[in-house]
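In: next come a sequence and a model predicted from it.
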Amino acid sequence: MIKVSAAIIVNNNKILIAKRKNDQYFKDKWEFPGGKIEKGETPEECLEREVKEELDIVIKVGPFFMENIYQYPDKKVHLLTYFASLESGTLKANEYEGFRWVSFSELDTFDFLEADKPIISRLKCGLENYFEEKK
């Protein structure tokens, strides 16, 4: 099983999503930024490192949101998700095809990785009113 962490980065009522490169596993799929947790690393440390490497920004990792275990055809992923906020830097798609800031209601219009879909479902169930109130 591969342990990964992902960040739900919220800024100005928008959520940052990233599109995987064409040469990556699951090309053209969208995901919440993050990556594999290295030995001796906490999920929060992983997020800070991965987001800096992949997008050239510094984030502040906030509260834990949820976890999901998903069995892909060739691997099982244990995904830990956290809320985060943008602290500094200018976004660059170093490791991605691209990225977008999207509204809460737009999340359903993107082709996300299967392991990320339960995150979107839970966001819709628990946070719809939060995002609507912030408009």
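Out: Right, received. Where do you want to start?
In: so who does the residue positioned nearest the centre of the chain touch?
Out: The centre of the chain sits closest to residue 32, judged by Cα atoms, centre = their mean, with a distance of 1.8 Å. By Cβ atoms under 8 Å, 6 or more residues apart in numbering, the residues touching residue 32 are 6-9, 15-18, 81, 116, 119. All C-beta spots, glycine's among them, are computed from the backbone N, C-alpha and C.
In: just the residues you listed: which are in strands?
Out: Among the contacts of residue 32, the ones falling in strands (DSSP state E) are 6-9, 15-18, 81.
In: and the residue lying closest to residue 41 once chain neighbours are set aside, what pLDDT?
Out: Of all residues not flanking residue 41 in the chain, residue 49 sits nearest, at 7.4 Å (Cβ to Cβ, 6 or more residues apart in numbering). Note on residue 49: pLDDT of 97.
In: what helices or strands is the helix or strand residue 100 falls within leaning on?
Out: Per DSSP states H and E, residue 100 falls inside strand 96-102. The contact analysis (3 or more Cβ pairs under 8 Å, 6 or more residues apart in numbering; DSSP states H and E) places strand 96-102 against strand 14-20, helix 43-55.
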